[in-house]
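S.K.: could you work out the structure for the sequence below:
(one chain, ligands or ions: 2)
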Amino acid sequence: MNHIQPLLSEEEIRDRVIALAAEIAPQIQPGTVIVALLKGAFIFAADLLRELSRHEPEINLDFMVLSSYGDDTRSSGRVMIKLDCQQLVENQDVLLLDDILDSGNTLTFAKEHMRIKGAVRVYTCVLLDKPSRRQTPFKADFVGFTIPDRFVVGYGIDYAERYRELPYIGCLTD
Ligand code: IMP
Ligand code: MG
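M.R.: Ligands and ions are numbered 1, 2, ... in the order given. Below is the predicted model:
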């Protein structure tokens, strides 16, 4: 039986998302294509976009599904495209949104993929960063929270498709 130890409360997440939107808005151009990585970033993207709309009215949203994890808690190191974004990103700026920056494999791949598709500038924003877990050097442009090497769930983030619905973020413990 797994237990969830609270790490970030609903209120802490909300305050940080509001601040992130204020930080991001002046740094991106109107019309930037925001590409959220599913499924993990779906709640973060929904909240961040509504906050961004207070600053930046021209937002273009798309999604991409990548996978590097099976139902495991460790990265396989290989990233596969399960669903590519539908919008043309050629000659556009792109802001990639992900839930967690862990090994760095996913965002390294996604950023390169956007460049190959012809994006001009590719920014990255993650809700959570676990810098101690990097396998590929990677620095996100915008980070919600830097957290220790713990396996977390909630606020869109799962363990084997469970716990995405939790409104807070917690650490999975035995
Ligand atoms: P990376 O390629 O290792 O940076 O993988 C990032 C992806 O791994 C995230 O988008 C998550 O889907 C998944 N991931 C990394 N750490 C965790 C965690 O603590 N809980 C759940 N998923 C995680
Ligand atoms: Mg993910």
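
S.K.: gap between the nearest residue to Gln87 once chain neighbours are set aside and ligand 1?
M.R.: Nearest residue to Gln87 in three dimensions, chain neighbours excluded: Asp62, at 4.6 Å (C-beta to C-beta, 6 or more residues apart in numbering). For glycine as for every other residue, the C-beta is placed from the backbone atoms N, C-alpha and C. In this view, Asp62 and ligand 1 are 17 Å apart by C-beta to the nearest ligand atom, to the nearest Å.

S.K.: same question for the strand or helix carrying Asp62: list its buried residues.
M.R.: According to DSSP states H and E, Asp62 maps onto strand 60-67. For strand 60-67, a neighbour-count test (16 or more other C-beta atoms under 10 Å) marks Asn60, Leu61, Phe63, Met64, Leu66, Ser67 as buried.

S.K.: and for stretch 95-115?
M.R.: Applying a neighbour-count criterion of 16+ other C-beta under 10 Å, one finds 95-111, 113-114 buried in stretch 95-115.

S.K.: now do the same for it: mean pLDDT, whole number.
M.R.: When pLDDT is averaged over stretch 95-115, the result is 97.

S.K.: would you list every one of the helices in this protein?
M.R.: 10-24, 42-52, 105-116 (DSSP state H).

S.K.: so which elements touch the longest one?
M.R.: In this case it means helix 10-24. Taking 3 or more C-beta pairs under 8 Å, 6 or more residues apart in numbering; DSSP states H and E as contact, the helices and strands that helix 10-24 lies on are helix 42-52, strand 122-129, strand 142-146.

S.K.: quick one: that helix to helix 42-52, angle?
M.R.: If you take axes from the mean of the first three to the mean of the last three C-alpha atoms, to 10 degrees, helix 10-24 sits at 50 degrees to helix 42-52.

S.K.: who in this protein is up against ligand 1?
M.R.: When proximity is defined by C-beta under 6 Å from any ligand atom, the chain lies next to ligand 1 at 40, 68-69, 75, 98-106, 151-153, 157.

S.K.: show me the residue at the heart of this protein, geometrically.
M.R.: When C-alpha atoms, centre = their mean is applied to the chain, the residue found nearest the centroid is Asp98 (1.1 Å).

S.K.: beta partners of it?
M.R.: Beta bridges link Asp98 to Val126, judged by DSSP bridges.

S.K.: that one contacts Lys130, doesn't it?
M.R.: No - counting by C-beta atoms under 8 Å, Asp98 does not reach Lys130; the two are 12.0 Å apart.
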